[in-house]
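J.: No sequence on hand, only this structure:
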């Protein structure tokens, strides 16, 4: 799945992210970056070309296939973190809030 397709898939979930209140970057290995601005309503989800210098409260590094599973509900975010399938830079609290919104 391309970065644009993954971005669109996350964009469809953006109504669930309305209560996030933070900025999050998903860094997909070898694919690119998806930036979620949850500080605005509705949340803005956009792909970012090249190296992204936008500030985020939380950066989540994850392989593209695991990202797809995460969005499909086939990969539990807490388990993925525990198993090292995703790494968190910045606020773990923001990541936990994001996980609860995506699961809800």
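T.: Nice, I can see it. From a predicted model like this one, the values you see are computed outputs, not experimental measurements.

J.: What about residue 44, how many residues nearby?
T.: Neighbours of residue 44 under the rule other Cβ atoms under 10 Å: 15. Yep, even glycine has a C-beta here, placed from its N, CA and C like the rest.

J.: Residue 20 too?
T.: Neighbour count for residue 20, taken as other Cβ under 10 Å: 22.

J.: for the residue most central in space within the chain, phi and psi?
T.: Taking Cα atoms, centre = their mean, the centroid of the chain lies closest to residue 26, which sits 4.4 Å from it. Backbone geometry at residue 26, expressed as degrees, to the nearest 10, gives phi -110, psi 120.

J.: And it, what's its pLDDT?
T.: On pLDDT, residue 26 comes in at 95.

J.: cool, residue 30 as well?
T.: Residue 30 carries a pLDDT score of 85 in this model.

J.: how about the residue lying closest to it once chain neighbours are set aside, what does it touch?
T.: Spatial nearest neighbour of residue 30, excluding adjacent residues (Cβ to Cβ, 6 or more residues apart in numbering): residue 64 at 7.6 Å. Counting by Cβ atoms under 8 Å, 6 or more residues apart in numbering, residue 64 makes contact with 1, 6, 28-31.
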